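**Student:** can you look at this prediction? I've put the sequence above it.
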Amino acid sequence: MTIEFTKHPALEAPTDEEIVILGEADPKLLVALHEAHEGRIKSAEEDPLRHGFELPGWSRMRDALQDYDEVITFGGNRSGKTTGCAKMVMESVTENMDGHVVCFSQNADTSIKVQQAAIWEMMPREFRRKTKSIDGYINFSMQNGFTGSSFIFPDTRTRVDFKTYTQFSNNQTILEGFEFGFRNPTGTNIGAWLDEYLGDAALVNTLRFRLATRDSKMLLGFTPIDGYTPFVSDYLKGAETLETKTASLLNGEQVPVIQYSPERDAGVVYLHSDENPFGGYDRIAKDLKNANRDTIMVRAYGLPTKSMTSLLPNFSPEVNVLSEEPNKYGMTFPDKKSLTWYQVVDPAFARNYVAIWAGVSEDEEIFIRREWPDRDTYGEWALFGDPKWRKGPASDKIGYDVQRYCELFEEIEEELGIEVTERIGDSRFFAKENENNVDLFTAFYDFGMNFTPSDGQQEGIGNTSLDDWFFYNPNYDLDPANRPRCYVHQDCGNLIESMINYNAAGKADEALKDFFDLIRYLRMSNGGMGPDYFASSDMGITRKQQGGY
């Protein structure tokens with residue numbers, strides 16, 4: 001009798017030699033082993049909700065759902081993220097009574113082909129047919145998904161609705177009056193699943209109120225291959241790593257698998273491609289063999305590395321944002337007294353002026369230490385909105401005149417313990433004359449601060465030159481020969497946000513542009529060569545002083 005064991009990614013079958021030996025020693029045991037092997041595979045295929053094979057990352061998702069009201073899951077290529085989310089939603093549907101769950105997808109096509117198909121795959125075997133009763137209704141086709149974009153699970157009288165982000169954008173009242181989740185849950189209480197969410201906080205903020213009544217959970221899934229959105233960046237901001245795992249494609253580097261997001265009080269879970277035996281990991285690893293570090297982090301480990309739309313793709317908060325404490329590369333913000341200091345100011349009529357203070361080291365590295373208005377004191381300069389960024393509270397005009405700005409700048413410099421060598425002002429705005437025929441160059445000079453005009457070259461040239469400041473080869477370790485030239489202190493939150501999110505839309509994202517212009521002016525100073533380092537202060541200090549510069 002010939003016995004063949006079906007090859008399976010998650011089940012190890014006996015070798016041909018072991019089959020022969022066991023067949024000669026105990027044929028009945030071999031038959032029983034074969035039946036168990038084949039039965040296990042069949043059960044998983046017929047009813048993956050109850051008998052499917054579990055991936056390691058799914059247990060992390062379940063643990064996070066127990067601890068937090070919101071869980072966002074990032075996944076590498078073929079990491080099982082969507083399948084895992086669908087399984088957890090269906091577990092909530094089958095384990096709890098009288099609930100209401102809402103599932104969001106990009107559009108009707110992706111809802112049917114991806115999200116609804118994943119939910120149908122997890123439907124218990126006995127309900128994988130048209131079901132109609134007083135307590136439930138299920139009707140599904142691969143072509144059209146669930147009839148009416150919803151179903152009611154008969155055993156638990158739970159309704160599941162499928163909606164799209166486009167529907168919400170067109171009519172933000174579609175969720176009014178609903179309560180999502182389960183009143184008396186006996187299992188995980190998931191009320192909403194958002195798949196590949198690319199929008200702002202409007203939908204999530206609305207759902208939070210719809211989930212609060214039943215104290216239910218929100219599950220979000222996101223694939224960071226094209227970068228992350230400003231909304232997603234809120235989950236990553238200041239995230240605390242709770243658990244790591246060895247990344248074999250990154251020479252054994254430890255990468256996070258579970259994080260806590262203090263900004264959102266949420267769990268952040270990462271699913272790795274090598275944890276899914278059904279995903280073709282060997283092919284993925286082969287394709288990534290010569291890829292750079294960022295590509296490997298995104299595609300194999302689901303780790304977001306850049307904003308989707310940034311004009312500075314080389315800028316990385318992990319590398320370029322420093323403080324007085326060493327980062328993972330052992331880098332800290334240098335001694336302020338060792339730097340040559342510059343100030344850059346961009347004024348406006350209807351908004352506050354914006355300013356940064358940057359120091360240049362003897363090695364010609366740039367360290368931006370301070371911004372005004374700073375995020376911690378005045379709040380966000382720009383708020384993410386749809387379709388574009390809008391003004392934040394920090395931009396609300398305080399009403400300072402030139403004299404008060406001079407006093408403010410002097411106070412900040414005294415607090416930092418620095419002396420500014422050169423001040424740079426937006427050439428166009430500084431040259432505009434007021435009703436007394438006085439421009440800002442003259443007005444500031446009269447109060448002891450001399451400003452030089454910013455470079456007038458095209459923005460595209462400045463943006464390209466600025467990106468060069470952040471270039472390094474991510475395939476090699478950071479060292480004096482392979483490192484970016486520009487760094488920003490963590491206190492400069494508004495500048496950091498503009499550098500991450502300002503994009504090629506340019507004028508359409510005007511709220512972000514103000515702080516972005518500051519660092520571009522700095523980069524294009526000195527005839528486009530960038531700011532210089534001076535060994536001593538005898539080149540002249542442009543702090544407030546009698547007699548000017």
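**Tutor:** Nice, thanks for sending it over.
**Student:** show me the shaky parts of the stretch 201-350 of the chain.
**Tutor:** Filtered on pLDDT under 70, the stretch 201-350 of the chain yields the residue ranges 307-310.
**Student:** where do the strands sit along it?
**Tutor:** Assigned by DSSP state E, counting those that start in this stretch, the stretch 201-350 of the chain shows strands spanning 217-222, 240-247, 253-261, 266-271, 321-322, 340-346.
**Student:** may I have the third one exported as CSV, CA atoms only?
**Tutor:** Right, the one you point to is strand 253-261. Taking Å, rounded to 0.1, in the frame of the first residue of the first chain, the C-alpha atoms of strand 253-261 are listed here in CSV:
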residue,chain,number,x,y,z
GLU,A,253,18.9,43.4,14.1
GLN,A,254,16.0,43.5,16.7
VAL,A,255,12.9,45.1,15.2
PRO,A,256,9.6,45.8,17.1
VAL,A,257,6.6,43.5,17.0
ILE,A,258,4.6,45.2,19.7
GLN,A,259,4.5,48.9,20.6
TYR,A,260,2.5,51.2,22.8
SER,A,261,1.3,54.5,21.2
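**Student:** ok, the closest residue to Asp234 other than its chain neighbours - contacts?
**Tutor:** Nearest non-adjacent residue to Asp234, counting by Cβ to Cβ, 6 or more residues apart in numbering: Glu263, 5.1 Å away. Every residue, glycine included, has its C-beta placed from N, CA and C. Contacts for Glu263 (Cβ atoms under 8 Å, 6 or more residues apart in numbering) come out as Asp234, Tyr235, Lys237, Gly238.
**Student:** reformat those as a markdown table; add distance to Trp193 and neighbour count.
**Tutor:** Listed next are the contacts of Glu263 as a markdown table, based on distance: Cβ to Cβ, whole Å; neighbours: other Cβ atoms under 10 Å:
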| residue | distance to Trp193 | neighbour count |
| --- | --- | --- |
| Asp234 | 19 | 18 |
| Tyr235 | 16 | 23 |
| Lys237 | 23 | 15 |
| Gly238 | 26 | 13 |
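**Student:** give me the domain ranges for this structure.
**Tutor:** 1-46, 60-308, 318-539 (automatic domain parsing).
**Student:** closest one to Gly52 among those domains?
**Tutor:** Taking Cβ to Cβ, domain 1-46 is the member of the domains of the chain nearest to Gly52, at 4.9 Å.
**Student:** count of neighbours near Leu522?
**Tutor:** Neighbour count of Leu522, defined by other Cβ atoms under 10 Å: 26.
**Student:** could I get whatever helix or strand it lives in in CSV with only the CA atoms?
**Tutor:** Element membership of Leu522 [criterion: DSSP states H and E] is helix 510-523. The C-alpha coordinates for helix 510-523 follow below in CSV (Å, rounded to 0.1, in the frame of the first residue of the first chain):
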residue,chain,number,x,y,z
GLU,A,510,0.4,76.2,2.5
ALA,A,511,0.0,75.6,6.2
LEU,A,512,2.9,73.2,6.2
LYS,A,513,5.0,75.4,3.9
ASP,A,514,5.9,78.1,6.4
PHE,A,515,8.2,75.9,8.5
PHE,A,516,9.5,74.0,5.4
ASP,A,517,10.5,77.3,3.9
LEU,A,518,12.7,78.1,6.9
ILE,A,519,15.0,75.2,6.5
ARG,A,520,15.0,75.6,2.7
TYR,A,521,16.2,79.2,3.2
LEU,A,522,18.9,78.0,5.5
ARG,A,523,20.0,75.4,3.0
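**Student:** so where is the protein shaky, pLDDT-wise?
**Tutor:** 1, 307-310, 385-388, 474-475, 504-509, 536-549.
**Student:** grab the most central residue of it for me.
**Tutor:** Ser233 (3.5 Å; Cα atoms, centre = their mean).
**Student:** so what touches stretch 34-43?
**Tutor:** Ile3, Phe5, Thr6, His8, Leu11, Ala13, His51.
**Student:** can you give me the helices for the stretch 151-300 of the chain?
**Tutor:** 165-170, 202-212, 230-236, 281-287, 293-301 (DSSP state H, counting those that start in this stretch).
**Student:** show me what contacts Leu236?
**Tutor:** Tyr228, Ser261, Val268, Pro304.
**Student:** which of these has the most neighbours?
**Tutor:** Most surrounded of those: other Cβ under 10 Å gives Val268, at 27 neighbours.
**Student:** quick one: that one and Tyr235 touch, right?
**Tutor:** Yes. Contact criterion Cβ atoms under 8 Å: Val268 and Tyr235 qualify, at 5.8 Å.
**Student:** any common contacting residues for these two?
**Tutor:** Ile72, Ser261.
**Student:** separation between Asn437 and Arg404?
**Tutor:** 22 Å (Cβ to Cβ, to the nearest Å).
**Student:** the two - which one has more neighbours?
**Tutor:** Arg404 (12 against 7).
**Student:** a helix runs through the more buried one, doesn't it?
**Tutor:** Yes. Judged by DSSP: H, G, I helix; E, B strand; the rest coil, Arg404 forms part of a helix.
**Student:** quick check: end-to-end length of stretch 261-274?
**Tutor:** 25 Å (Cα to Cα, to the nearest Å).
**Student:** same question for stretch 497-510.
**Tutor:** Stretch 497-510: ends 13 Å apart by Cα to Cα.
**Student:** and for stretch 188-205?
**Tutor:** 21 Å.
**Student:** next: stretch 108-120.
**Tutor:** 16 Å.
**Student:** distance between it and the chain's centre?
**Tutor:** 24 Å (Cα atoms, centre = their mean, to the nearest Å).
**Student:** how about it: buried residues?
**Tutor:** Within stretch 108-120, the residues scored as buried using 16 or more other Cβ atoms under 10 Å are Ala108, Thr110, Ser111, Ile112, Val114, Gln115, Gln116, Ala117, Ala118, Ile119, Trp120.
**Student:** for the fourth one, which non-adjacent residue is spatially closest?
**Tutor:** Take Ile112 and drop its neighbours on the chain: the residue closest to it by Cβ to Cβ, 6+ apart is Gly145, 3.7 Å away.
**Student:** list the residues that contact that neighbour.
**Tutor:** Ser111, Ile112, Gln116, Ala117, Trp120, Phe162.
**Student:** kindly state the beta-bridge partners for it.
**Tutor:** Ser141 (DSSP bridges).
**Student:** what's the answer for Glu433, then?
**Tutor:** Beta-bridge partners of Glu433, as defined by DSSP bridges: Asp439.
**Student:** hmm, Ala443 and it touching each other?
**Tutor:** No. Glu433 is beyond contact range of Ala443, at 9.9 Å (criterion: Cβ under 8 Å).
**Student:** show me which of the contacts of Glu263 is closest to Asn463.
**Tutor:** Nearest to Asn463 among those, with distances taken as Cβ to Cβ, is Lys237, at 24.3 Å.
**Student:** check the secondary structure at Trp120 for me.
**Tutor:** helix.
**Student:** what separation do you get for it and Ser105?
**Tutor:** 14 Å.
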